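Enquirer: just coords:
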């Protein structure tokens, strides 16, 4: 905003509260979400109170805030469990969690659903927040072959058997997790 004042007009700079009083008018730096006021500068140097004796340009400076992002492994394990991120910057390197019997599919903004966050995602949450690990079950196909001279097995193939499923084969039955 361009302001014209007379030579000799005094001004008061408040680098803490983000105001400049110039010729009886107060100008206030308005801070956007995710930022903090970082002080006024005058031609690149910290602005201080004084008297107008030449053209001046006051610039309001803002600093992006740092926030803590917590990693919830959502059933698995992860290390580290948190890191500091800077608003409007990339998340940077994210940890890779582990969960036996599952494949990690990424970090998300919600425990179920949500938006995927990668190392190149820009931090747009202006507060401490949590990212949740999402997982796919590891599944297997189990094929059972009988002795061809003795008989047959039905079904001979069981598909989409999740990791950790107990399969019991006896002389005449196939039992998967208690279901014959």
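Expert: Happy to help now that I have it. Predicted model, so just to flag it, every value in this text is computed and none were measured.
Enquirer: Surely residue 125 and residue 65 touch.
Expert: No: the pair residue 125 and residue 65 fails to qualify as a contact (Cβ atoms under 8 Å) at a distance of 10.7 Å. The C-beta positions use only the backbone N, C-alpha and C, and glycine is treated the same way.
Enquirer: The nearest residue to residue 117 once chain neighbours are set aside pairs with what?
Expert: Distances taken as Cβ to Cβ, 6 or more residues apart in numbering place residue 107 nearest to residue 117, at 4.8 Å, with adjacent residues excluded. The residues paired with residue 107 through beta bridges, assigned by DSSP bridges, are residue 117, residue 133.
Enquirer: And residue 162, by the same measure?
Expert: On DSSP bridges, the residues paired with residue 162 through beta bridges are residue 139.
Enquirer: what bits of the protein have low per-residue confidence?
Expert: Low-confidence segments of the chain (pLDDT under 70): 146-159, 169-180.
Enquirer: Tell me if I'm right that residue 14 and residue 20 touch.
Expert: Yes: Residue 14 lies in contact with residue 20 (Cβ under 8 Å); the separation is 7.2 Å.
Enquirer: quick one: which of these two has more around it?
Expert: Neighbour count, other Cβ atoms under 10 Å: between residue 14 and residue 20, residue 20 has more, with 22 against 17.
Enquirer: give me the element the more buried one is part of.
Expert: When elements are defined using DSSP states H and E, residue 20 is found to belong to strand 19-22.
Enquirer: Run through who's touching the helix or strand following that strand.
Expert: Along the chain past strand 19-22, the next helix or strand (assigned with DSSP H and E) turns out to be strand 25-28. The contact list for strand 25-28, computed with Cβ atoms under 8 Å, 6 or more residues apart in numbering, reads 1, 3, 18-21, 58.
Enquirer: And stretch 6-22, by the same measure?
Expert: With contact meaning Cβ under 8 Å, 6+ apart, stretch 6-22 is reached by 3, 5, 23, 26-29, 31, 37, 39-40, 46-53, 58, 60.
Enquirer: How far off centre is it?
Expert: Per Cα atoms, centre = their mean, to the nearest Å, the displacement of stretch 6-22 from the mean C-alpha position of its chain is 39 Å.
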